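Chemist: I'd like to go over a predicted model; first the sequence, then the structure.
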Amino acid sequence: MSAAMRSSGPRRSGRTSRTAPGSSQLSLGLEEQDAGGWIPDGARTAGVDEVGRGPLAGPVVAAAVILDPDRVPDGLRDSKKLSARRREALDVEIRGTALAWALGWASVEEIDTLNILQATFVAMRRAVEGLAMAPDLVLVDGKLVPPLGLPCRAIIQGDALIPAISAASIIAKVARDRHMRELDALHPGYGFAEHAGYPTAAHLESLRHMGVSPVHRRSFRPVRLLLEGGKD
């Protein structure tokens with residue numbers, strides 16, 4: 001793996017950190033995004049997205065990607081709209097062609113301690129800090145941006161509009177899905193490989209039948225109610 005294409009969880013890369021004074025943190029509506037004129041010419045732009053805010057179990061995972069403008073993979077789009085096979089293929093291509101990419105993870109313990117939003121921001125920050133080169137601008141999917149110390153913009157439906165965000169959503173989802181399959185082997189019976197920890201009817205039934213595992217988020221209502229002896 002090259003220095004510019006590394007996967008990092010809580011670890012940080014050896015790059016020199018850079019803080020932009022007066023960093024911009026804005027949210028753009030769809031009508032403001034189409035022209036793309038607000039992205040400076042030649043700016044090294046990182047797309048950031050997360051996977052795993054809604055599940056009852058497992059970590060939240062974020063990815064940051066700086067695409068090579070001359071080698072943008074075909075077919076980038078919101079990871080949820082791609083088949084698993086297509087995501088896997090694009091994951092390999094993105095990692096192989098991007099100028100830089102990194103993953104950031106926030107654990108179940110961090111989610112329960114901080115809350116899911118703040119834990120997501122932690123994962124995003126770790127992903128951006130894990131990049132082997134510092135971006136000039138960070139584009140984040142959604143309405144909110146984490147405190148990064150860099151120029152940063154939130155893009156509503158950015159995973160469908162901005163190729164770098166689409167790429168980030170793909171590698172984050174592939175990484176988390178793979179991790180949930182590993183958790184399924186460690187904690188069989190919950191179906192993590194099938195639903196990735198999301199609150200499906202089958203998952204809720206397995207929780208009621210088997211109880212709460214070490215990788216479930218105790219701060220999430222269905223899990224908390226079970227621990228308190230109530231019913232969801």
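Modeler: Arrived safely. Here the structure is a predicted model, which means the values were calculated and not measured. Numbering: from 1, shown residues only.
Chemist: all contacts plus neighbour counts: C-alpha atoms, from now on.
Modeler: Will do.
Chemist: Quick check: residue 59 touching residue 52?
Modeler: Yes - the pair residue 59 / residue 52 is scored as a contact, 6.8 Å apart, by CA atoms under 8 Å.
Chemist: Please identify every residue contacting each of the two.
Modeler: residue 176 (CA atoms under 8 Å, 6 or more residues apart in numbering).
Chemist: more neighbours, these two?
Modeler: Between residue 59 and residue 52, counted using other CA atoms under 10 Å, residue 59 has the larger neighbour count: 28 against 21.
Chemist: This protein: strands as residue ranges?
Modeler: Along the chain, counting by DSSP state E, strands occupy 25-28, 45-51, 60-66, 100-106, 137-141, 152-155.
Chemist: Run the chain-centre distance for stretch 71-82.
Modeler: 15 Å (CA atoms, centre = their mean, to the nearest Å).
Chemist: and residue 88, what does it touch?
Modeler: Neighbour list for residue 88: residue 174 [criterion: CA under 8 Å, 6+ apart].
Chemist: Pull up the gap between it and residue 95, please.
Modeler: 11 Å (CA to CA, to the nearest Å).
Chemist: Same question for residue 132.
Modeler: 13 Å.
Chemist: Present the strands of the chain as JSON lines; the columns should include mean neighbour count.
Modeler: Formatted as JSON lines, the strands of the chain follow (neighbours: other CA atoms under 10 Å):
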{"stretch": "strand 25-28", "mean neighbour count": "17"}
{"stretch": "strand 45-51", "mean neighbour count": "28"}
{"stretch": "strand 60-66", "mean neighbour count": "32"}
{"stretch": "strand 100-106", "mean neighbour count": "29"}
{"stretch": "strand 137-141", "mean neighbour count": "26"}
{"stretch": "strand 152-155", "mean neighbour count": "24"}
